[in-house]
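>>> Attaching a predicted model along with its sequence, questions to come.
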Amino acid sequence: MASELLIDVRDLAKHYGPIRAVDGISFQVHRGDVLGFLGPNGAGKTTAMRMITGFVEPDRGAVSVAGFDMADHSLEARRRIGYLAENAPSYGEMTVHGFLEFIAAARAVDDERTAIARVVSMTGLERVRHQTIDTLSKGYKRRVGLAQALIHDPEVLILDEPTDGLDPNQKALVQDLISTLAEDKAIVLSTHILDEAEKVCNRAVIISEGRLLADSTPEALVASAPSHNVIRVTVEDPGDELMTRIREQDWCSTVESHGESSFDVIPSDGGNHLPELLPLLEGRTIHSVHLKEGRFDELFRNMTREVSA
C-alpha cells in the first residue's frame, strides 16, 4: 500500500526580472520520506522552500500540502507545516522558554506546557531554556528554530540547513531526530552537506539554476556517478594486446591508461564486470585490482557544472 502523499509540487516557477530563480520544478513527498533538497548556492532552493511554505507566491505552478492547495486553502495548508527558515527569526530578548510559549500560543497549541517540554527535550535545549536567545551560540539558536518548527507537531517539516552552525555532536543529535520524526511525517531537508543527505535522506533532488536535474534515491544517484564500478588495474607490463582484448568486450566502454602499469576499465552499462575481467588477466603479474564506487559529491559536481557551463 502506497504511503500518504503530503507534499505535491507541480511545475513551480518564480522569476525576478530576467532571473529564473525556480524554473518549473515538480516533485512529491510522501509520509515517511526525508527528501534531500540539494543544489549549489543560488540554485533556487530557498526560493522553492518559501513557495512551498506559502511565504512567496509562485509565478506559475501549484503546491498542495496534505491535500490542501496552498493558493486556495493557505491557512489549512500552513497549519500542517513546520518551517525552519535559513535565517529563522526569533526575539533575542526573550528566553528560549518564553519564545516557545509565544510560538505555541500563535499556533493555538492545546497543551502548551506539554508541547514545550516535548520539543525542548527533543532538541536538547534543557540547559539553556531560561537563557535569553541573544546569549546563545549559533548552534543553540538553530536548535531553538527547530523547536519552534516542531511545537505544533506538524505532518510536514520544511527544514532549510537545519544543522548549520552545529558542532559534530549536535549534528548527530539533529540527524537522529530527523530520522525518528520521518516515521510519521514528510520532511524536506535543504542542505549543502552531501554526506548528511546520504545519511539521513531516502530520496534526493538536485537543482541548479532553478531547474530540477535529478530525483532518485541516494543509492541510485551514487550508482549513476561516472566512477561507479570503474575497475583500476595495476599489472606488470600490460601491453597493447591486453588492452585491445579488454576493449573488445561487449561490456567495456573504454580503457584509460594511467602511467606504464595502471589503467582504468570503464563499463558501458555501469555494472560490475570484475568477474568477466579477471580471466583476461590470467598469466599476468597483478599488483592490484580495485573496483571503485561512485561518490555523491562527484555526481553533484558533474551535474551542476554541466548546467552552469
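Okay, I see it.
>>> Contact partners for Leu194?
For Leu194, the contacting residues are Leu38, Phe296, Asp297, Phe300, by CB atoms under 8 Å, 6 or more residues apart in numbering. In this view, the C-beta of every residue, glycine as well, is placed from N, C-alpha and C.
>>> Next, the contact list for the second one, please.
With contact taken as CB under 8 Å, 6+ apart, Phe296 is in contact with Leu194, Asp195, Ala197, Glu198, Pro218, Leu221, Val222, Ala225.
>>> Buried only: go through those for me.
Leu194, Ala197, Glu198, Pro218, Leu221, Val222, Ala225 (16 or more other CB atoms under 10 Å).
>>> was I right about Leu173 contacting Gly124?
Yes - counting by CB atoms under 8 Å, Gly124 is a contact partner of Leu173 at 5.7 Å.
>>> about what we covered before: sitting in helices, which of the contacts of Phe296 do you find?
Leu194, Asp195, Ala197, Glu198, Pro218, Leu221, Val222 (DSSP state H).
>>> could you measure the first one against Gly210, distance?
With distances defined as CB to CB, to the nearest Å, the gap from Leu194 to Gly210 amounts to 20 Å.
>>> what pLDDT, on average, does stretch 152-159 get?
Averaging pLDDT along stretch 152-159 yields 96.
>>> and the end-to-end length of it?
15 Å (CA to CA, to the nearest Å).
>>> cool, stretch 179-197 as well?
11 Å.
>>> Return the distance of it from the chain's centre.
7 Å (CA atoms, centre = their mean, to the nearest Å).
>>> same question, stretch 274-292
37 Å.
>>> before we move on, what about stretch 160-172?
Using CA atoms, centre = their mean, the offset of stretch 160-172 from its chain centre is 14 Å.
>>> and what of stretch 56-73?
So, by CA atoms, centre = their mean, the centroid of stretch 56-73 is 22 Å from its chain's centroid.
>>> which of the residues in that stretch are buried?
Val56, Pro58, Gly61, Ala62, Val63, Ser64, Val65, Ala66, Phe68, Met70.
>>> ditto for stretch 156-169
Val156, Leu157, Ile158, Leu159, Asp160, Glu161, Pro162, Thr163, Asp164, Leu166.
>>> What are the structural domain limits within the chain?
As assigned by automatic domain parsing, the chain contains the domains 5-223, 231-292.
>>> Same list (those domains) but as JSON lines, adding distance to Thr304.
Converted to JSON lines, these look like this (distance: least, CB to CB, whole Å):
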{"stretch": "domain 5-223", "distance to Thr304": "4"}
{"stretch": "domain 231-292", "distance to Thr304": "20"}
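>>> any idea which of those is most buried?
Highest mean neighbour count among the domains of the chain (mean count of other CB atoms under 10 Å): domain 5-223, with a mean of 18.
>>> Quick check: which ranges of the protein have low pLDDT?
1-2, 89, 306-309 (pLDDT under 70).
>>> what about the residue nearest the centre of it, which SS state?
Centroid check for the chain by CA atoms, centre = their mean gives Gly36 as the closest residue, at 2.1 Å. Following DSSP: H, G, I helix; E, B strand; the rest coil, Gly36 is assigned to strand.
>>> likewise the one 5 residues further on?
Reducing the assignment at Asn41 to three states with three-state DSSP gives coil.
>>> need the contact list for it.
His192.
>>> And for the one 10 residues further on?
With contacts taken as CB under 8 Å, 6+ apart, Met51 has the following neighbours: Leu12, Lys14, Val22, Glu57, Pro58, Val63.
>>> rerun that using 10 Å as the cut-off
Going by CB atoms under 10 Å, 6 or more residues apart in numbering, Met51 touches 9, 12-14, 21-22, 25, 44, 57-59, 61-63, 70.
>>> swap in Leu35?
Contacts of Leu35 by CB under 10 Å, 6+ apart are 7, 27-29, 158, 182, 186-190, 197, 201-205, 215.
>>> if we go to 6 Å?
Leu35 makes contact with Val29, Val188, Arg203 under the criterion CB atoms under 6 Å, 6 or more residues apart in numbering.
>>> Spatially, which residue comes closest to Gln249, not counting chain neighbours?
Nearest non-adjacent residue to Gln249, counting by CB to CB, 6 or more residues apart in numbering: Glu276, 6.7 Å away.
>>> Give the helix, strand or coil label for the one you found.
Per three-state DSSP, Glu276 ends up helix.
>>> now the strands for the protein?
Along the chain, counting by DSSP state E, strands occupy 5-16, 19-30, 34-38, 60-65, 68-69, 81-84, 156-160, 186-190, 203-208, 211-216, 231-235, 252-258, 262-267, 286-291.
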